[in-house]
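>>> Generate a structure from the sequence data that follows.
(one chain, ligands or ions: 1)
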Amino acid sequence: MEKVLRQFFLFLSNNKLLTALAKRYGFRFGASRFVAGTNIGHAAEKIRKLNQKGMSVTLDHLGEYVTDKEEAIERTKETIKSIKVIDKLNLDSQVSVKMTSMGLDISDDLVLNNMRRILDAGKEHNVLVTIDMEDYERCEKTVTIFETLKEEYDLLSTVLQSYLYRTEEDLQRLNKYSPNIRLVKGAYKESAEVAYPEKKDVDENLKKLIALHLDNGNFTALGSHDDAMIEFTKQYVKENNIPTDQFEFQMLYGMRNELKEALVEQGYNVRVYVPYGRDWFGYNMRRLAERPANVLFVLRGVFKK
Ligand code: FAD
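Got it, this is the predicted structure:
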């Protein structure tokens, strides 16, 4: 049953009509549980509260699969604005961006130009920019964009997904940049031709990648809510005398709040991924696919005016 629900929500996450309707008709259906608000003002308030609790943030202006050049430019401007606000308000926050939001599906030049503008702002305001990883179809292009831009900018990080067979090679391929990488399981609907279909293999691969990246001496961000992955990382860093400033635990806004606080209390670095904006539909459907128990929150949202 869980598998069926997962497929269903992943199918919805990709639906263009529902995405457009959700954007037009507002912020509902439990959106506010996982999304920090529709504008940067709302998000800044939430970031400040998280910072007060000892947590850092990576801020994401929601949006994906943009096919209109002007829209990709507008989204670039919004991300630059968020970088300026982070600096002006002295918030402890980085930003995360999706390449399809910056024009990946339109042209290579457009996405690179937009990213250079964002990374210039990141450099000026000392804000690290992380390139989120999207579906498999865009993985090679995203890794190549990261390589191109990493030759030019320091404050740049990316994400690799343990469900893909190719990821171990990607991690080795990027090692020459000594990169800060967020390692996650992966949130998209992929075929068994490119991704492990069984959860246990995805989990085992994630552990392997965490160990590899840490052993290579690189900063490792574990993006996961899974106790088993978090425990593995804690144990691994302890056994291998890896300093606390070489890794961090990242979790999504609205998820596992008690665990986040407990990790901060134990002296670990915790970063919360905070999304904001009107384009919340695809993001929220992926969260439902990950954890059908979240449907309850959504149903409450439907009935709550
Ligand atoms: P799962 O495999 O979903 O769950 C494993 C176990 O963890 C569950 O059985 C349960 O015991 C426990 N658990 C999980 N969630 C909860 C909860 N809410 N409450 C209680 N127990 C829970 N994916 C991408 O494809 N690209 C990205 O760029 C990307 N960025 C991410 C950034 C961050 C900060 C995070 C946290 C995730 C990101 N993801 C990204 C999503 C990721 O790929 C997974 O889809 C998502 O994190 C679910 O996997 P999981 O490791 O959290 O645990």
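
>>> Which parts of the stretch 201-305 of the chain are strands?
For the stretch 201-305 of the chain, the strands defined by DSSP state E, counting those that start in this stretch cover 220-223, 247-252, 270-276.

>>> Hmm, residue 39 is touching residue 85, no?
No. Using C-beta atoms under 8 Å as the test, residue 39 is too far from residue 85 to be in contact (10.3 Å). No exception for glycine: its C-beta is placed from N, CA and C like everyone else's.

>>> Comparing these two, which residue is more hemmed in?
More crowded of residue 39 and residue 85, by other C-beta atoms under 10 Å: residue 85, with 18 against 13.

>>> What residues does the stretch 101-250 of the chain have near the ligand?
132-133, 159, 161, 182, 184-188, 223-227, 229, 250 (C-beta under 6 Å from any ligand atom).

>>> So what's the residue count around the nearest residue to residue 225 once chain neighbours are set aside?
Sequence neighbours aside, residue 256 is the residue nearest to residue 225 in space, at 4.8 Å (criterion: C-beta to C-beta, 6 or more residues apart in numbering). When neighbours are counted by other C-beta under 10 Å, residue 256 registers 17.

>>> Kindly report the same for the one 10 residues further on.
The burial metric for residue 266, expressed as a neighbour count using other C-beta under 10 Å, is 10.

>>> Tell me the confidence at it?
Residue 266 is assigned a pLDDT of 98 by the prediction.

>>> try residue 105
Reading off the model, residue 105 has pLDDT 96.

>>> The residue nearest to it when sequence neighbours are not counted: which element?
Using C-beta to C-beta, 6+ apart and skipping the chain neighbours, the partner closest in space to residue 105 is residue 67 (5.9 Å). Of the helices and strands defined by DSSP states H and E, none includes residue 67.

>>> returning to that earlier point: now list the buried members of the residues of the stretch 101-250 of the chain next to the ligand.
By neighbour count, with 16 or more other C-beta atoms under 10 Å, those hold 132-133, 159, 161, 182, 184-188, 223-225, 229, 250 as buried.

>>> From these, pick the one nearest residue 93.
Nearest to residue 93 out of these is residue 250 (C-beta to C-beta; 12.5 Å).

>>> Name all residues that make contact with residue 282.
13, 14, 19, 64, 65 (C-beta atoms under 8 Å, 6 or more residues apart in numbering).
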